[in-house]
Structures are given as structure tokens and as C-alpha cells.
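>>> Provide a 3D model corresponding to the input given below.
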Amino acid sequence: MRIYLAGPISGKGYKEVVERYQEKIDYLEDLGYEVFCPMTGKQYLRNELEFRTYGYDEFPVSTNHAIFERDKWMVSNCDILLVDLSNSGERASIGSIMELAWGSLLGKQTIVVLPKENLHRHAFVLEAGDIIFETLEDANNYLKDFINGINGGKNG
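Just a heads-up that it's a prediction; the model follows:
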């Protein structure tokens with residue numbers, strides 16, 4: 001079962017972003033998911049203190065087009081899309097919303113973490129999310145139950 005992780009990156013530093021994704025990857029891989037992550041293979045960005053929304057043309061894997069196409073490919077090849085908007089701050093995550101839209105359009109199971117007070121609380125987000133949780137913990141509990149049901153309870 002493949003799962004793609006989406007969430008805010010712009011305006012955040014490399015360390016914060018990678019640590020947050022790594023926690024999710026470790027948890028989900030332990031459950032038996034194959035995890036797709038937008039930060040895979042981007043260690044060369046480790047000195048970024050605040051990610052820009054575009055303009056990494058000096059890195060072939062991080063050009064605007066490369067990011068757009070690779071993330072779209074990962075969404076199209078996953079079974080589940082987990083969009084965690086719980087750490088948005090005050091900046092909209094346009095990439096995450098694009099990924100949510102692709103997932104919805106492609107018929108992926110879309111799981112959104114969206115606290116009550118969040119700038120992403122919008123009709124399109126609420127409708128594109130198949131299941132909306134207020135906390136990542138609730139989403140993780142669901143994903144554990146879901147894969148256990150698929151695997152016949154093997155990950156107890």
C-alpha cells in the first residue's frame with residue numbers, strides 16, 4: 001500500500017521539514033506502508049534556512065518543472081494521500097493543495113489533517129478530503145487501523 005505525504009514546506013527550514021517527514025515515514029513504514037515523500041533525494045538542500053516557493057534552478061531535481069512533475073507522479077502512483085496541514089502557520093501551502101486536488105481528481109483516498117483554526121479551511125479543501133481529521137494522531141490511528149484491516153490484522 002503506497003502513501004504520499006504532503007504538507008507545508010515553503011517558509012520552513014530543511015531540518016524542520018525533514019524531521020517532520022521522517023517521523024511520519026518511520027511510523028508509516030513500521031505499519032507496512034510504502035511511503036512517497038517530496039523531500040526524498042534532496043539532501044543537497046540541507047543548508048536551506050527557509051524554503052522558497054520556487055526558483056531552485058541550480059538543482060536539476062528541484063527546478064519548478066521537476067518538482068511539479070515528480071510530485072504529480074508520486075500522487076498518481078500512490079493509493080492514499082495524507083495531507084497534513086496542521087503546521088501551516090500563516091502561509092498557504094499551494095503545493096499541498098495542488099497535490100490534494102490531483103489526488104481527489106485521480107480517485108485516491110485523500111486524508112487531510114486540518115485543525116479547526118487553519119487558513120486552509122476552505123470549501124475546496126473540505127470537499128477534496130475524503131476524511132478530515134483535526135489532529136495527526138487521529139489520522140495516524142486511522143491509517144494503522146486501515147492497513148491492519150487490509151493485512152488481516154498482521155500489524156496489531
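>>> which stretch of helix or strand covers Asn47?
When secondary structure is defined by DSSP states H and E, Asn47 falls outside every helix and strand.
>>> Quick one: the strands in this protein, in order.
Counting by DSSP state E, residue ranges of the strands within the chain are 2-6, 34-36, 80-84, 109-113, 131-133.
>>> Name the surrounding residues that touch the last one.
Going back to what we said before, that points to strand 131-133. With C-beta atoms under 8 Å, 6 or more residues apart in numbering as the test, strand 131-133 has contacts from Gln109, Thr110, Ile111, Val112, Val113, Leu114, Leu126, Ala139, Tyr142. Using the backbone N, CA and C atoms, a C-beta is placed for each residue, glycine as well.
>>> Quickly run through the sheet partners of that strand, with directions.
Partner strands and pairing direction for strand 131-133 (DSSP bridges) are strand 109-113 (parallel).
>>> Measure how the strand it pairs with sits relative to strand 2-6, angle-wise.
With axes from the mean of the first three to the mean of the last three C-alpha atoms, to 10 degrees applied, the angle from strand 109-113 to strand 2-6 works out at 40 degrees.
>>> For strand 109-113, the averaged confidence score.
Averaging pLDDT along strand 109-113 gives 98.
>>> what angle separates that strand from strand 80-84?
Between the axes of strand 109-113 and strand 80-84, defined by the same axes, to 10 degrees, the angle is 10 degrees.
>>> How far away from the center of its chain is strand 109-113?
On the basis of C-alpha atoms, centre = their mean, to the nearest Å, strand 109-113 sits 9 Å off its chain's mean C-alpha point.
>>> What residues of it count as buried?
The neighbour-count check on strand 109-113 (16 or more other C-beta atoms under 10 Å) flags Gln109, Thr110, Ile111, Val112, Val113 as buried.
>>> From these, pick the one nearest Arg70.
Comparing the buried residues of strand 109-113 against Arg70 with C-beta to C-beta places Thr110 closest, at 19.1 Å.
>>> Give the bridge partners for the closest one, please.
Assigned bridge partners for Thr110, using DSSP bridges, are Leu81.
>>> Could I get the contacting residues of it?
Under the criterion of C-beta under 8 Å, 6+ apart, the neighbours of Thr110 are Ile80, Leu81, Val83, Leu100, Gly103, Ser104, Ala128, Gly129, Asp130, Ile131.
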